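*Asks:* quick one: sequence and predicted model below, then my questions.
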Amino acid sequence: MSEDHAQAVEQVAEDVKDIKLENGTAPGAANGTPNKNDDSVIPFKDAFKMFSKFGDPKSDGRQITLSQSDKWMKQAKVIDGKKITTTDTAIHFKKLKSVKLGLEDYQKFLEDLAKSKKIELEEIKKKLTTCGQPGVSTHLTKSAAAAAAVDRLTDTTKYTGSHKQRFDEAGKGKGIAGRKELVDNSGYVTGYQHKDSYNKSH
């Protein structure tokens, strides 16, 4: 292989590397996207488009609302109710004086939020690009304690007072009979034990 040919091959390799860096598919990408070995990563621009369409079939994916942004941030655990709350996001979102933000303005919103909360912008972006598609949570799991609490609260044998009257011994609801005192118009006094027995004995 000639020296000129070797230099040409090296140059092509460098060009390919630069293209990967520009597209954000390699480590240290300019847009803060984690490296390409993480299959769950969605490029920031694509994630923005998906969440800006979430809940709004008429959206073209170019602008995002505050509620869509909050949905994204909650799913990504950026909004945790402690360090960052929906009040924080509302304040910084409204600073840009627009109901919807484009990608460029949304980046400014994130920068402002990260700066005020003393959090790395790249850390927020990493969470936003690894939280999955809208409506698909990768973090929620039903704990044993929560399941036990639900079982305890729905155990009809432990109900008292008027609530107890709404279910039969098998735990099946009685419907309207369990919620409303129905009037007996049969003509018999309350507690009479021999209802409808007259014709049978005479």
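*Replies:* Sure, I can see it.
*Asks:* gap between residue 174 and residue 80?
*Replies:* Here residue 174 is placed at a distance of 44 Å from residue 80 (Cβ to Cβ, to the nearest Å). To be clear about C-beta, it is placed using only N, CA and C from the backbone, and glycine gets the same treatment.
*Asks:* check residue 128 too.
*Replies:* 14 Å.
*Asks:* now do residue 123
*Replies:* For residue 123, the distance to residue 80 - Cβ to Cβ - is 13 Å.
*Asks:* identify the residues contacting the closest residue to residue 128 other than its chain neighbours.
*Replies:* Spatially, and ignoring its direct neighbours in sequence, residue 128 is nearest to residue 76 (4.9 Å; Cβ to Cβ, 6 or more residues apart in numbering). Taking Cβ atoms under 8 Å, 6 or more residues apart in numbering as the criterion, residue 76 is in contact with 127, 128, 130, 131.
*Asks:* who touches stretch 105-115?
*Replies:* So stretch 105-115 is contacted by 48, 64, 69, 84, 88-89, 92-93, 95-96, 98, 101, 119-121, 123-125 (Cβ under 8 Å, 6+ apart).
*Asks:* helix, strand, or coil at the closest residue to residue 103 other than its chain neighbours?
*Replies:* What sits nearest to residue 103 in space, not counting adjacent residues and going by Cβ to Cβ, 6+ apart, is residue 48, at 5.6 Å. Assigned with DSSP: H, G, I helix; E, B strand; the rest coil, residue 48 falls in the helix class.
*Asks:* strands of this protein, residue ranges please.
*Replies:* 63-65, 100-102 (DSSP state E).
*Asks:* could you list every helix and strand in contact with the first one?
*Replies:* Which is strand 63-65. helix 44-53, strand 100-102 (3 or more Cβ pairs under 8 Å, 6 or more residues apart in numbering; DSSP states H and E).
*Asks:* quick one: which of those is nearest residue 160?
*Replies:* Residue 160 lies closest to helix 44-53 among those, at 46.5 Å (Cβ to Cβ).
*Asks:* buried sites along that closest one?
*Replies:* By 16 or more other Cβ atoms under 10 Å, the buried positions in helix 44-53 come out as 44, 47, 48, 49, 50, 51, 52, 53.
*Asks:* all set now, cheers.
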